[in-house]
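S.K.: sequence and predicted structure, then a few things I'm wondering about:
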Amino acid sequence: VMIDTVTANDLGMRATSVHEERGAGRGSLPTGDGGGVSLSVGDVPLKVDSADVAPINRVLRPYNGLDIKGVIGAPFFLEHVVEIDFATRKLVLHDPATFAYQGPGVRLPFQFVEGNPVVQGELVLGDGTRLPLRLLIDLGAKADLLVAEPFVKDHQLLTRMGSTVTEPLGAGVGGETRYAFARLAGLKAGEGLAATDLIAGLS
């Protein structure tokens, strides 16, 4: 959970242990510990033991045109079964103790790796080559698939995937992010989810 610096100041929050945080993008962001906070997501309470404080709005606003007061992270999703209704732009929350899924969706067993949900997957290149990899499930990503630089270099994907188009794709903690976009023959996630002919961003 991250609170924008301006919002934190308006609320009287004081950040301690300020340091440079790195993430997506080539730069860094001064980030501090804002301590414990109590938030409301709609009318649902969320208590956070330690919220980050960083000037996230100045990084994200130029790319999405919205004032970002903060980012709600994993604690909210760990406490609830969250149904994302894209048609009505709503989050519908369910009690994990009583929720039972009914529908045509595919189940993706995943593991938490350093707090991040990860599922086993496989890339399919145009020549039929299949490359196993671990996929981080990121519902906030701006593309169908973003492939990290170490994997791209290890498998020489920039030369093996044919023509690419390099474009910016929003921003992350480190500022603007740029990717080389290329067409991918296929992607498999878990045992039951597969897609063909998709665009992947190579960092």
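M.R.: That came through fine.

S.K.: please make it C-alpha for all contacts and neighbour counts, starting now.
M.R.: Will do.

S.K.: what sits closest to residue 197 if chain neighbours are left out?
M.R.: residue 185 (4.7 Å; Cα to Cα, 6 or more residues apart in numbering).

S.K.: which residue lies farthest from the center of the protein?
M.R.: residue 127 (29.5 Å; Cα atoms, centre = their mean).

S.K.: how about it, secondary structure?
M.R.: coil (DSSP: H, G, I helix; E, B strand; the rest coil).

S.K.: for residue 119, see how far away the residue positioned nearest the centre of the chain is.
M.R.: The chain has residue 138 as the residue nearest its centroid, 3.6 Å off, counting by Cα atoms, centre = their mean. Distance, residue 138 to residue 119, using Cα to Cα, to the nearest Å: 11 Å.

S.K.: please apply the same query to residue 49.
M.R.: Residue 49 is 28 Å from residue 119, by Cα to Cα.

S.K.: so which of the two has more stuff around it?
M.R.: More crowded of residue 49 and residue 119, by other Cα atoms under 10 Å: residue 119, with 19 against 12.

S.K.: that one: what's it in contact with?
M.R.: 108, 109, 110, 111, 134, 135, 136, 137, 189, 190 (Cα atoms under 8 Å, 6 or more residues apart in numbering).

S.K.: weed out the non-buried ones from those.
M.R.: Among these, the ones that count as buried by 16 or more other Cα atoms under 10 Å are 110, 135, 136, 189, 190.

S.K.: look at the nearest residue to the third one once chain neighbours are set aside and say how many residues are nearby.
M.R.: Leaving out its chain neighbours, the residue that sits closest to residue 136 by Cα to Cα, 6+ apart is residue 118, at 4.6 Å. As a burial measure, residue 118 scores 18 neighbours (other Cα under 10 Å).

S.K.: same question, the one 3 residues further on
M.R.: Using other Cα under 10 Å, the number of residues around residue 121 comes to 19.

S.K.: with the one 10 residues further on instead?
M.R.: Residue 131 is surrounded by 13 other residues when neighbours are defined as other Cα under 10 Å.

S.K.: just grab the bridge partners of it for me.
M.R.: residue 123 (DSSP bridges).

S.K.: settle this for me: it is touching residue 120, isn't it.
M.R.: No. Residue 131 is beyond contact range of residue 120, at 11.0 Å (criterion: Cα atoms under 8 Å).

S.K.: C-terminal to the helix or strand of the chain with the lowest mean pLDDT, which secondary structure element comes first?
M.R.: The helix or strand of the chain with the lowest confidence, counting by mean pLDDT, DSSP states H and E, is strand 165-172 at a mean of 82. Using DSSP states H and E, the helix or strand that follows strand 165-172 towards the C-terminus is strand 175-189.
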